[in-house]
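Engineer: Coordinates for the following, if possible.
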Amino acid sequence: MLVDDLENSGQWQQALLHMRRQLASGQGVNDEGWHHFGRLLQRLCRWDSARRAYKCALNLNPARPRTLNNLALIELQLLNSLEAECWLNQALFLKPLSIDEEDLLQATACDLYLYQLRPALALAHVEQQLERRVSVMALANQAICFQKLFRLQEAVQVQEQAVRLHISTHAPQLSNAPLVNLIGVSCGDLHISMQLQLMLMNLAIYRLCDNPSDAIGLQMLLAGTSNDLNYWQDPRRAITRWDGLPVDELIIWDDQGFGDTIQNLYWILAASRRVKHLRIWLRPSLVEMVRLRIELPSNCILEILSQDSCPWAAGSKQIGFFFLPMVLKQWSAAASDCRPAYLKRNQLNITKPIRRIGLVWSAGHHKAPQPERSARVRDVPREKFFQLAQIWGQSHAALLLSLQLDGHTEDPAQKLIDNGVLVQALKSTDWQQTASIIDSLDLLVTVDTSVAHLAAAMGLPTILLLNRPADWRWGQDGNASFLYKSMRIARCNKPDDWGGALDQANQIVNEFFGNANELSAKRFCN
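Structural biologist: Alright, predicted model coming up:
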């Protein structure tokens, strides 16, 4: 029981030490013991050791659906989807399966096929799951499949059903509470409480995808501040979380993607007006760019955020950049109220070539399945994109510059670079160097990446290519966003309809360069 108690409380390293002693002493040397040992190693991201432990369990008992399932999850975590599918199919062929085992395997199948960008197949597995039993896991998976298939209202309805079922199962005393009141609230053990917060945040995202102005969705996003292990293990995290009220000292820290932080630098001024001292903690690659490109209020100071930094241990109120506009209650999705540039752009006198078009065609590569899946959905088909880009270069006497950090060894980018058609301009992860390249551009055509945020925040005319459904912040319709006055949006008319988005982008590029003068650029930005 000691090992189980330690595991359930999130003390995985201690649980692993006890389990290792038991196995060394000859206790629990059976398939279940090896499986438990592998699960603890998996929780600690020790993938190779976990694999070996699970295989020891399978040597003793090959008919272990949960062990096969966990091996599939390890391979998926390492982005080895074919190996994951092999382990999963091996488990699904085992008969008979209990309802709990089938629940688990169908949920893993959903994760796998979503990663492979096959949401219809993922949904088919979820529906098999729901035929046997309605569970929180199955409903939550059905909701995400609906969202990926652009069935947004259904996603909202099903996700709320999943949240309500989770609460009634684990904390019935909270059943009548408004969901926004459950942010940061415990509803059982550590795992169950974390799961509720994650489900609330996902519900918020689905609501905002359907309606970017949804006030409840914006408020519910704050569940993202309490959906990780550290929040529940360190009480300082909850005590120091800023609620937007005036305080003596506030730390705003760089908590999620670079694009989120660059987007929300805009709200530094509003935050500075509510505090006496504002400390801005940024990753090192952002610090110089922010120092040079923003005129900070006198009560602000820039500090470097290291891997060991702990904002909630500094004795001040704190909030991550991602959540800043929600806490300030200043998010507005009205495209008619586009905000102007808030990062300085240095206009360079470049006469040869006359025009320079920046290009970003991929959202980059990631080491975890969820961000990798999200990135691949945003990528534009390379062949079609570069065919158009070459036409732009020829038609408008423009030099094509890549603002990608990777992907240059893949065709057609490699051939275009070798032939001098495409310039690999960006060779540093430092954001000030990226901003310097943006200074030299006339126009940027990009998929949804952090470079898009930086360019538009600097006031560079930017064309954003979006899949459908788009990230909630952009809304699902219209060719403008309140976030950036200098941005125009080219959207897929249906999921993965990049031909339609590229047609729109082509029209906007030609419109922008149509008169080859400043008036054309001004029309673009208005």
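
Engineer: right, and residue 392 touches residue 385 too?
Structural biologist: No: with contact defined as C-beta atoms under 8 Å, residue 392 does not count as touching residue 385 (10.6 Å). Quick note: C-beta positions are derived from backbone N, CA and C, even for glycine.

Engineer: which residues in the stretch 151-300 of the chain form strands?
Structural biologist: Counting by DSSP state E, counting those that start in this stretch, one finds strands in the stretch 151-300 of the chain at the ranges 247-253, 275-282, 300-304.

Engineer: One more: the chain?
Structural biologist: Remark: strands assigned in the chain by DSSP state E are 247-253, 275-282, 300-304, 317-320, 355-360, 398-402, 422-424, 443-447, 462-466, 487-491.

Engineer: right, so of those, which gets closest to residue 432?
Structural biologist: Residue 432 sits nearest to strand 275-282 of all those, at 11.9 Å, using C-beta to C-beta.

Engineer: Mind listing what's buried along that closest one?
Structural biologist: Judged by neighbour count (16 or more other C-beta atoms under 10 Å), strand 275-282 contains these buried residues: 275, 278, 279, 280, 281, 282.

Engineer: and what of stretch 85-100?
Structural biologist: For stretch 85-100, by 16+ other C-beta under 10 Å, it's 85, 87, 88, 90, 91, 92, 97.

Engineer: next one: stretch 56-68
Structural biologist: 56, 57, 58, 64, 65, 66, 67, 68.

Engineer: Chain neighbours aside, what residue packs nearest to residue 236?
Structural biologist: Nearest residue to residue 236 in three dimensions, chain neighbours excluded: residue 312, at 4.4 Å (C-beta to C-beta, 6 or more residues apart in numbering).

Engineer: how about residue 427, what does it touch?
Structural biologist: Contacts for residue 427 (C-beta atoms under 8 Å, 6 or more residues apart in numbering) come out as residue 405.

Engineer: pLDDT score assigned to it?
Structural biologist: Predicted confidence (pLDDT) for residue 427: 88.

Engineer: pull the helix or strand with minimum mean pLDDT from this protein.
Structural biologist: helix 518-525 (a mean of 47; mean pLDDT, DSSP states H and E).

Engineer: Sitting in helices, which of the buried residues of stretch 56-68 do you find?
Structural biologist: 56, 57, 58, 65, 66, 67, 68 (DSSP state H).

Engineer: for these, which one is nearest residue 193?
Structural biologist: Using C-beta to C-beta, residue 66 is the member of these that lies nearest residue 193, at 23.2 Å.

Engineer: what's the distance between that closest one and residue 373?
Structural biologist: 24 Å (C-beta to C-beta, to the nearest Å).

Engineer: which residues touch residue 454?
Structural biologist: Shown in contact with residue 454 (C-beta under 8 Å, 6+ apart): 262, 343, 431, 434, 435, 438.

Engineer: any low-confidence regions in the chain?
Structural biologist: For the chain, the stretches with pLDDT under 70 are 1, 334-336, 348-353, 515-526.

Engineer: So which residue is dead centre in it?
Structural biologist: Residue closest to the average C-alpha location in the chain (C-alpha atoms, centre = their mean): residue 371, at 5.5 Å.

Engineer: Surely residue 222 touches residue 183?
Structural biologist: Yes: in this structure, residue 222 is within contact of residue 183 by C-beta under 8 Å, at 5.2 Å.

Engineer: out of the strands of the stretch 151-300 of the chain, which comes closest to residue 191?
Structural biologist: strand 247-253 (25.9 Å).

Engineer: Parallel or antiparallel, which strands does that closest one pair with?
Structural biologist: Next to strand 247-253 in the sheet, as set by DSSP bridges, lie strand 275-282 (parallel), strand 317-320 (parallel).

Engineer: wait, which of those strands is closest to residue 144?
Structural biologist: strand 317-320 (23.2 Å).

Engineer: Next, the contact list for residue 161, please.
Structural biologist: Applying C-beta under 8 Å, 6+ apart, the residues near residue 161 are residue 139.

Engineer: Next: residue 169.
Structural biologist: residue 136.

Engineer: Now residue 198: closest residue in space, sequence neighbours ignored.
Structural biologist: residue 227 (4.5 Å).

Engineer: for residue 63, same thing?
Structural biologist: residue 94 (5.5 Å).

Engineer: Do me a favour and get the end-to-end distance for stretch 92-100?
Structural biologist: Stretch 92-100 has an end-to-end distance of 13 Å (C-alpha to C-alpha, to the nearest Å).

Engineer: Can you name the residues that contact residue 402?
Structural biologist: 358, 359, 360, 408, 413, 417, 422, 423, 424, 425, 426 are the contacts of residue 402 under C-beta under 8 Å, 6+ apart.

Engineer: partners of it in the sheet?
Structural biologist: Beta-bridge partners, per DSSP bridges, of residue 402: residue 359, residue 424.
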